[in-house]
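Asks: Mind looking at a prediction? Sequence and model below.
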Amino acid sequence: MIIGVPREIKTAEARVALVPSGVAAFVSHGHRVLVESGAGIGSGIADEAYRAAGATLVEGPGPVWRDADMVIKVKEPLGPELAALRPGLILYTYLHLASNEALTWHMMEAWVYFVSKAGRNEGTILEYNRKQEVLDRRLDQLNLL
């Protein structure tokens, strides 16, 4: 499977959805990981760290959205990302569908499979680690790890 990690485009969103250890886990299980160059900058993670973990760095969001079987993001798709949604794509991200009917319909009409992350936003390393553990368990359930 090809996993894609785009740079977040939402205003003031600097986080990245997958850290290099996550890339290494996917790669160790035979998956290919595409990371948009600069995706980790806002989280203090250089492109070289992703490359060292086994990711393929790509320029711009196009290759991530076009070539990935599953895209992992922090926030919901916006603007040009909506146009990149396609049938069969797996989208793993935070989704607030109850408050965004237009996004809900767009995703249903695009036949996108989605797994929505859920959790509290405490902003602590401990909370981040718990969320990463939940992500790992969910990906394991999908037979991706």
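Replies: The structure has been received and is ready for your questions. Numbering: from 1, shown residues only.
Asks: Enumerate every residue touching Asp67.
Replies: Ile2, Gly4, Leu34 (C-beta atoms under 8 Å, 6 or more residues apart in numbering). For the C-beta atoms, the positions are set from N, CA and C on the backbone; glycine is no exception.
Asks: so which of the residues you listed comes closest to Thr11?
Replies: Nearest to Thr11 among the contacts of Asp67 is Gly4, at 21.6 Å by C-beta to C-beta.
Asks: how about the contacts of Asp67 in JSON lines, adding pLDDT?
Replies: Output for the contacts of Asp67, formatted as JSON lines (pLDDT from 0 to 100):
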{"residue": "Ile2", "pLDDT": "97"}
{"residue": "Gly4", "pLDDT": "98"}
{"residue": "Leu34", "pLDDT": "98"}
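Asks: which parts of stretch 35-44 are buried?
Replies: Val35, Glu36, Ala39, Gly40 (16 or more other C-beta atoms under 10 Å).
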